[in-house]
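Novice: build me a model from this:
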Amino acid sequence: MASNDQVESLAEEAICPICLDFFTDSVSLECGHNFCRSCITQSWDREGRNSCPECREEFTDRTLRVNRALAKLSEKARTLSLNQTEKESKLHCDTHQEELKLFCETDKKLICVICAAGREHKSHSFMPVDEAVETYKEQVKSSIQSLTTNKSAIQEMEEQQKQNISQVREQSQSLKSHVTSQFAELHQILVKKEQHILGEIKDDEEKTLRPMEKNLQDIHENLNSIEEELSKLQGRMEQTDVVLFLKVRGYVSFSFNETAVTAL
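Specialist: Numbering: from 1, shown residues only. Next comes the predicted model:
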């Protein structure tokens with residue numbers, strides 16, 4: 001049987017330097033270096049030139065030779081590596097380095113046959129690992145079924161809760177729309193009422209101001225008349241010619257509009 005070192009050495013020889021995995025459809029370049037066919041062609045396409053990734057030697061064309069010996073070596077290394085990995089995956093006892101083939105039901109742990117014969121596990125109950133796996137698989141299966149049932153029940157509760165939430169939101173939205181509509185109608189009514197009241201106030205204002213403005217106009221006319229008479233009298237007072245002063249006959253009469261004053 002091959003040792004770990006031998007398997008590792010063989011694996012190193014069968015590893016593609018580009019993908020770092022076992023060769024697949026191995027080919028050789030003119031320089032003697034080996035690669036997977038897909039790895040080297042993709043490298044050339046990516047680089048845009050036909051050169052060896054190992055030694056950087058360039059080639060005029062893409063000449064690839066199938067390396068059947070390396071393909072067989074790679075396949076053998078792959079098989080040995082898988083077998084070695086499978087072997088290493090088996091658990092062994094830390095104390096006796098024996099494979100853990102038994103399960104101690106008392107301590108709930110894996111043990112080897114030497115541990116089972118020792119004093120630590122004296123009078124304990126054991127069963128083969130495979131049988132223990134099946135037994136506990138049944139328990140796990142039962143737990144899964146129970147949890148699945150609980151999950152279904154909770155999912156139903158979740159769905160029901162989502163429906164309740166959706167229903168509350170719909171009712172709330174409907175109520176909001178109704179309130180908005182009602183307040184819009186009230187707003188229209190208030191606007192009309194406001195316009196009506198403002199119209200009445202405006203009418204009352206015009207009725208009240210109309211005679212007052214007429215009186216004000218009469219007052220202005222009286223004032224203008226008084227100003228004209230005062231101006232005339234002032235002119236007479238300033239007359240120095242006695243003849244001209246006395247030439248004006250009669251007396252000055254002035255008609256005053258008492259109605260306008262009374263209206264104030």
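
Novice: packing partners for the strand or helix carrying Val179?
Specialist: Val179 is located in helix 129-237, with elements delineated by DSSP states H and E. With contacts defined as 3 or more Cβ pairs under 8 Å, 6 or more residues apart in numbering; DSSP states H and E, helix 129-237 has these neighbours: strand 102-104, helix 258-263. For every residue, glycine as well, the C-beta is placed using N, CA and C.

Novice: worst average pLDDT in the ones you listed?
Specialist: Of all the helices and strands packed on helix 129-237, mean pLDDT reaches its minimum on helix 258-263 (a mean of 48).

Novice: for the protein, what are the low-confidence residue spans?
Specialist: 1-11, 81-90, 245, 248-264 (pLDDT under 70).

Novice: try 50 this time
Specialist: Along the chain, the parts satisfying pLDDT under 50 run over 1-3, 89, 250-256, 259-263.

Novice: which residue comes closest to Phe59 once chain neighbours are left out?
Specialist: Nearest non-adjacent residue to Phe59, counting by Cβ to Cβ, 6 or more residues apart in numbering: Asn50, 4.5 Å away.

Novice: quick check: that neighbour touching Trp44?
Specialist: Yes: counting by Cβ atoms under 8 Å, Asn50 touches Trp44, with 5.3 Å between them.

Novice: Thr135: how many residues sit nearby?
Specialist: Using other Cβ atoms under 10 Å, Thr135 has 13 neighbouring residues.

Novice: contacting residues for it?
Specialist: By Cβ atoms under 8 Å, 6 or more residues apart in numbering, the contact list for Thr135 reads Met127.

Novice: any idea how far it lies from Ser125?
Specialist: Thr135 is 12 Å from Ser125, where distance means Cβ to Cβ, to the nearest Å.

Novice: equivalent analysis for Lys202, please.
Specialist: Applying Cβ to Cβ to Lys202 and Ser125 gives a distance of 106 Å.

Novice: got it, and Ser177?
Specialist: From Ser177 across to Ser125, the span is 71 Å (Cβ to Cβ).

Novice: same question for Asn34.
Specialist: Asn34 sits 57 Å away from Ser125, going by Cβ to Cβ.

Novice: those strands in the stretch 1-150 of the chain, which residues are they?
Specialist: Ranges of strands in the stretch 1-150 of the chain, per DSSP state E, counting those that start in this stretch, are 26-28, 34-36, 65-66, 102-104, 109-111, 126-128.

Novice: nearest to Lys193, of these?
Specialist: strand 109-111 (88.9 Å; Cβ to Cβ).

Novice: contacts only, for Cys39.
Specialist: The contact partners of Cys39, by Cβ under 8 Å, 6+ apart, come to 16, 18-19.
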